[in-house]
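K.L.:
coords please:
(one chain, ligands or ions: 1)
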Amino acid sequence: MRLTAVSKVYGSGERGVAALREVSAQIPQGTFTAVMGPSGSGKSTLLHCAAGLDRPTSGSVLMGGTELTSLSETRLTLLRRQRIGFVFQSFNLVPSLTVAENVTLPLKYAGVRVDQGWLEHVLHRVGLSERAGHRPGELSGGQQQRAAIARALVARPELVFGDEPTGALDTVSAREVLRLLRESVDQMGRTVVMITHDPVAAAHADAVLFLADGRIVDLDHSPTADGVARRMAHLGAWA
Ligand SMILES: Nc1ncnc2c1ncn2[C@@H]1O[C@H](COP(=O)(O)OP(=O)(O)OP(=O)(O)O)[C@@H](O)[C@H]1O
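P.N.:
Coordinates of the predicted model:
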C-alpha cells in the first residue's frame with residue numbers, strides 16, 4: 001500500500017492538533033512493517049488512516065488500486081471486511097461465543113460461507129485445533145490473541161493491522177504471536193503493519209518506521225532489537 005502526503009488534524013483553529021504531517025510511505029505487499037515512536041507521535045492515527053478506520057485531512061491512501069480517501073462510508077466498511085484483518089492489544093473476542101464462532105464472525109458479517117476445511121487449517125496454524133469449542137474466558141491471554149489472529153486471517157485479507165498485539169502478553173506468548181504474524185507474511189503472503197513499543201517485537205519485522213511528532217523520521221530495513229532500542233532512546237521515547 002502507498003500513503004502519500006497524509007496529514008491529519010484533529011479539531012480546528014487554535015485548538016487543532018496536527019497528528020500526522022504529510023506522511024508518505026510505501027509498504028510492499030508480502031512484507032512485515034513495525035511502526036514505532038514516542039507516545040503521541042501519531043502511530044494510531046497513521047494505522048487508522050491506512051486501514052480506513054479514519055479519514056486523513058489531506059493526502060492519499062492507496063490500497064491495491066483503491067484510493068481509500070474517496071470511498072463512501074459503506075464502501076469503506078465493505079473494504080475493511082473483505083480486505084483487512086485487525087488484531088488489537090485487548091483481543092476483542094466475544095465472550096459468549098466459542099473460538100470457532102469468534103474466528104468466523106467476520107465471514108458471517110461479510111455474508112461469506114464458512115469453508116470448514118480452511119477454518120480447521122487456520123485454527124491448526126495458530127495451535128487452537130483442540131480449543132475450537134472453548135470460550136475466550138477459558139483460554140490464556142496468549143491463546144486468546146492467537147484466536148484473534150485466526151479471526152484476522154480467516155477472510156484471507158490483503159492487509160493485517162496490529163495495534164500493539166503483544167502489549168498485554170507475557171514474553172513467551174508474545175513471541176508466539178510474533179511468529180504467527182511472521183508466518184502469515186512468509187507462508188500466506190499477507191502484508192502486516194504493526195504498532196509496537198517493544199524493540200524485540202519490532203525486530204521481527206522486515207522494516208521499522210519511526211514516527212516523531214507526526215512525521216516519519218527514520219526507516220530501518222534490517223531492524224535488530226538493540227538498534228531499534230537505541231533509535232527509540234534517541235527519539236526521547238523513554239526519557
Ligand atoms: N480524537 C482525537 N482528538 C484530538 N486529538 C487527538 C485525537 N486522537 C489523537 N489525538 C492527538 O493526536 C496526536 C497523535 O495521537 P496518536 O494516538 O496517533 O499517537 P500514538 O503515537 O498512537 O500515541 P500512543 O503511543 O500514546 O498510543 C496526539 O497529540 C493526540 O493527543
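
K.L.:
all strands of the chain, in order?
P.N.:
With DSSP state E as the criterion, the chain has strands at 2-10, 17-26, 32-36, 58-63, 66-67, 84-88, 159-163, 191-195, 207-212, 215-220.

K.L.:
now those strands in a markdown table, with distance to the ligand, mean neighbour count and mean pLDDT?
P.N.:
Bear in mind the C-beta positions are built from the backbone N, C-alpha and C, glycine included. Below are the strands of the chain laid out as a markdown table (distance: least, Cβ to the nearest ligand atom, whole Å; neighbours: other Cβ atoms under 10 Å; pLDDT from 0 to 100):
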| stretch | distance to the ligand | mean neighbour count | mean pLDDT |
| --- | --- | --- | --- |
| strand 2-10 | 3 | 17 | 98 |
| strand 17-26 | 3 | 18 | 97 |
| strand 32-36 | 8 | 25 | 98 |
| strand 58-63 | 15 | 17 | 98 |
| strand 66-67 | 22 | 12 | 96 |
| strand 84-88 | 12 | 22 | 94 |
| strand 159-163 | 8 | 24 | 96 |
| strand 191-195 | 7 | 24 | 98 |
| strand 207-212 | 6 | 22 | 97 |
| strand 215-220 | 12 | 16 | 96 |
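
K.L.:
Now tabulate those in JSON lines and tack on distance to residue 201.
P.N.:
Formatted as JSON lines, the strands of the chain follow (distance: least, Cβ to Cβ, whole Å):
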{"stretch": "strand 2-10", "distance to residue 201": "22"}
{"stretch": "strand 17-26", "distance to residue 201": "19"}
{"stretch": "strand 32-36", "distance to residue 201": "7"}
{"stretch": "strand 58-63", "distance to residue 201": "24"}
{"stretch": "strand 66-67", "distance to residue 201": "29"}
{"stretch": "strand 84-88", "distance to residue 201": "12"}
{"stretch": "strand 159-163", "distance to residue 201": "9"}
{"stretch": "strand 191-195", "distance to residue 201": "7"}
{"stretch": "strand 207-212", "distance to residue 201": "10"}
{"stretch": "strand 215-220", "distance to residue 201": "14"}
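
K.L.:
Surely residue 172 touches residue 142?
P.N.:
Yes. Taking Cβ atoms under 8 Å as the definition, residue 172 is a contact partner of residue 142 at 7.3 Å.

K.L.:
Compare the two and say which is more crowded by neighbours.
P.N.:
residue 142 (19 against 8; other Cβ atoms under 10 Å).

K.L.:
what's the burial count for the residue lying closest to the more buried one once chain neighbours are set aside?
P.N.:
Spatial nearest neighbour of residue 142, excluding adjacent residues (Cβ to Cβ, 6 or more residues apart in numbering): residue 173 at 2.7 Å. When neighbours are defined as other Cβ under 10 Å, residue 173 has 18 of them.

K.L.:
I'd like to know how far residue 173 sits from residue 186.
P.N.:
20 Å (Cβ to Cβ, to the nearest Å).

K.L.:
Also residue 147?
P.N.:
Note on residue 147: its distance to residue 186, by Cβ to Cβ, is 21 Å.

K.L.:
So which bits of this structure are right by the ligand?
P.N.:
10, 11, 17, 19, 37, 39, 40, 41, 42, 43, 44, 45 (Cβ under 6 Å from any ligand atom).

K.L.:
Which residue, neighbours along the chain excluded, lies closest to the last one?
P.N.:
Excluding its sequence neighbours, the residue lying closest to residue 45 (Cβ to Cβ, 6+ apart) is residue 19, at 4.2 Å.

K.L.:
any idea how far the one you found is from residue 11?
P.N.:
Separation of residue 19 from residue 11 (Cβ to Cβ): 10 Å.
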